[in-house]
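>>> just the structure for this:
(one chain, ligands or ions: 1)
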Amino acid sequence: MTKTRRQMAEDLKFVDLVAELLDARIPRSSRNPDIDELVGGKPRLIVLNRADQADPTGTARWAAWFRSQGHAVLETDAKSGKGVAQFSGVIRETLKEKLAAWNEKGQVGRPIRAMVVGIPNVGKSTFINKVARRKSAKAGDRPGVTRGKQWVAVDSGLDLLDTPGILWPRFEDEQTGLHLAYTGAVKDDIMDTETLACHLMEELAQSYPDALIQRYKLDLPPRTGEEVGLEYGYALLERAARKRGFLKPGNETDTERMGRILLDEFRAGKLGTFTLEEPDEQ
Ligand code: GDP
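From the prediction side, this is the model:
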């Protein structure tokens, strides 16, 4: 067991609920593959973060899907703080039976303890800061709060562990790796930028053609069917480079430069909002 995993297992002992942060653009790829095993039976809140960067209809489909799997769901934009105010209420609702049981046992006012987990760059630190309203006051000196752990008081009934659990992303297949790379969850060095951009072009041409047409004034050529995706993506990259006037000596298109720009603009939200994955059918 790795050190991070051991630490998380240790932290989990102290919490009543786990808030699993996902990137709303790629809810499947941004999930840790071992999360169910790690968290065990603890109640879980799925936080679809980066909702501002995701396609709202896609986020709604994912929210419904996670609810159908028995999880509570919250949609947030941790950067602006949108949705964050509901955190405490949703948790209380999720744990209402537990709270009632505590009350019956006379543990009135016992705060709920929660922790945030997620893969790197999903927005964990930003989320914790927003939820805690950047309060510097730690909850650690309250009676009954475990020593050695730092908690932030979200409100009088909810404490949040101030260090998130950092999970490793999955690399089960090529598409997952690509999605993590487009969104900036992993460094670009899984492949060269130009190839990555060809894949992104191809994928956007399939699921969000209008975004490409508008941003790069592209007329999308019909796909011949025999073409492999990468070749099609490259052809689009060339067209976009030509439209932008990115040419090298000899009138050759500078697809490398165009590729970098596509990735930058995609990440900066200049092409619009995207959900690159759909929930499983059943
Ligand atoms: P962590 O590695 O999971 O702790 O991620 P951070 O909290 O450090 O966030 C990584 C970057 O993403 C920062 O630049 C944040 O401002 C940004 N970020 C976090 N949440 C959101 C969000 O919901 N929307 C947008 N647009 N950016 C976000």
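>>> got the contact list for the residue of the stretch 101-250 of the chain found nearest the ligand?
Per C-beta to the nearest ligand atom, G123 is where the stretch 101-250 of the chain lies closest to the ligand, at 2.8 Å. The C-beta positions use only the backbone N, C-alpha and C, and glycine is treated the same way. Going by C-beta atoms under 8 Å, 6 or more residues apart in numbering, G123 touches L21, D23, N49, R50, A78, K79.
>>> repeat the analysis, applying 10 Å as the threshold.
21-23, 47, 49-50, 76-79, 116, 130, 164 (C-beta atoms under 10 Å, 6 or more residues apart in numbering).
>>> farthest-separated two in the residues you listed?
The largest distance within the contacts of G123, taken as C-beta to C-beta, falls between D77 and P164 and amounts to 17.4 Å.
>>> coming back round to it: filter the contacts of G123 down to the buried ones and hand me the ChimeraX line.
Under the burial definition 16 or more other C-beta atoms under 10 Å, those of those that qualify are selected in ChimeraX by:
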select :21,22,23,47,49,50,76,77,78,116,130,164
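>>> what about the ligand: which of the contacts of G123 touch it?
When C-beta under 6 Å from any ligand atom is applied, the members of the contacts of G123 adjacent to the ligand are N49, R50, D77, A78, K79.
>>> nearest to S156 among the residues you listed?
Closest to S156, out of all of these and judged by C-beta to C-beta, is A78, at 22.6 Å.
>>> who touches that closest one in this structure?
21, 47, 49-52, 84, 122-131.
>>> likewise for A9?
M1, L38, V39, G40, G165.
>>> same thing but 6 Å
Residues in contact with A9 (C-beta atoms under 6 Å, 6 or more residues apart in numbering): none are found.
>>> what about the strands in the protein?
Per DSSP state E, the chain carries strands over the ranges 17-23, 44-49, 72-75, 112-118, 151-155, 158-161, 165-166, 247-248, 252-253.
>>> any chance of TSV for those, columns mean pLDDT?
Putting the strands of the chain into TSV (pLDDT from 0 to 100) gives the following:
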stretch	mean pLDDT
strand 17-23	98
strand 44-49	98
strand 72-75	98
strand 112-118	96
strand 151-155	91
strand 158-161	95
strand 165-166	92
strand 247-248	94
strand 252-253	95
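>>> please render the ones you listed as a markdown table that adds distance to P33 to the earlier fields.
Shown next, in a markdown table, are those (distance: least, C-beta to C-beta, whole Å):
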| stretch | distance to P33 |
| --- | --- |
| strand 17-23 | 13 |
| strand 44-49 | 15 |
| strand 72-75 | 20 |
| strand 112-118 | 13 |
| strand 151-155 | 29 |
| strand 158-161 | 23 |
| strand 165-166 | 15 |
| strand 247-248 | 42 |
| strand 252-253 | 39 |
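>>> next, count neighbours for the residue nearest to F87 when sequence neighbours are not counted.
Spatial nearest neighbour of F87, chain neighbours left out: V131 (5.3 Å); criterion: C-beta to C-beta, 6 or more residues apart in numbering. Neighbours of V131 under the rule other C-beta atoms under 10 Å: 25.
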